[in-house]
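Colleague: quick check, what structure comes out for this input:
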Amino acid sequence: MNIPKKIPLRPLALGLLVLGFSAIVLGRAQAGGSHFYPPVADPVVKEECGSCHLAFAPSMLPANSWKRMMADLKNHFGDDASVDANTAKTITDYLVANAADTGGRRYSDKLMGGMTATNAPLRITELPRWTKEHRKVPDWEWKHKDVRTKANCTACHADAALGYYDE
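Modeller: A predicted model of the protein is given here:
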């Protein structure tokens, strides 16, 4: 008579736990294709841009939009966001190198759909894809005290600073 060996419960449970966790992490990484934008990695950009708002992923706009924005920091959406020339160059170089139509192309195809590098707006919230994705959000939610503006991605997307914009 052949009696099967008993599999120890702890290693099996641990193995299943690791497998489940891996599936979640890998699934999120794969699913992030349309809603993942690599977060800002440059410390100067993080500090300067992130001191007032979420430092938006450069792959969310084409290089032309970032250049236009950086050329007029004195009038940055109603605020004076001026920085010294060296800092402005560092920020511009980083944004352009990782923009939707350059280094960030891999992540931005869906967001930039229907846009060209020359006709893209300065505001991410004015991109047709962004507008389509957010069309069901009622006006009162944008005015909520915890949201206040369409540019406050982290109000609804808790992991936006990590590059994940899934709900």
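
Colleague: for the chain, what spans make up the strands?
Modeller: Assigned strands in the chain: none (criterion: DSSP state E).

Colleague: could you list the low-pLDDT ranges of it?
Modeller: 1-34, 167 (pLDDT under 70).

Colleague: ok, 90 please
Modeller: Low-confidence segments of the chain, defined by pLDDT under 90, span residues 1-35, 101-120, 128-129, 133, 165-167.

Colleague: how far away is Val83 from Thr149?
Modeller: Counting by CB to CB, to the nearest Å, the gap between Val83 and Thr149 amounts to 22 Å. Every C-beta, even on glycine, is put in place using the N, C-alpha and C of the backbone.

Colleague: between these two, which one's more packed in?
Modeller: Taking other CB atoms under 10 Å, Val83 and Thr149 do not tie; Val83 has more neighbours (15 against 12).

Colleague: skipping adjacent residues, who's closest to that one in space?
Modeller: By the measure of CB to CB, 6 or more residues apart in numbering, the closest residue to Val83 outside its immediate chain neighbours is Glu48, 5.9 Å from it.

Colleague: wait, isn't that neighbour in contact with Lys89?
Modeller: No: between Glu48 and Lys89 there is no contact under CB atoms under 8 Å: 11.9 Å.

Colleague: more neighbours, those two?
Modeller: The residue with more neighbours, out of Glu48 and Lys89, is Glu48; 18 against 12, by other CB under 10 Å.

Colleague: now that one: how far from Thr125?
Modeller: Going from Glu48 to Thr125 by CB to CB gives 21 Å.

Colleague: then Met60?
Modeller: 10 Å.

Colleague: could you do Thr154 as well?
Modeller: Taking CB to CB as the measure, Thr154 falls 14 Å from Thr125.

Colleague: same deal with Ala151?
Modeller: Look at Ala151 and Thr125: by CB to CB, they are 6 Å apart.
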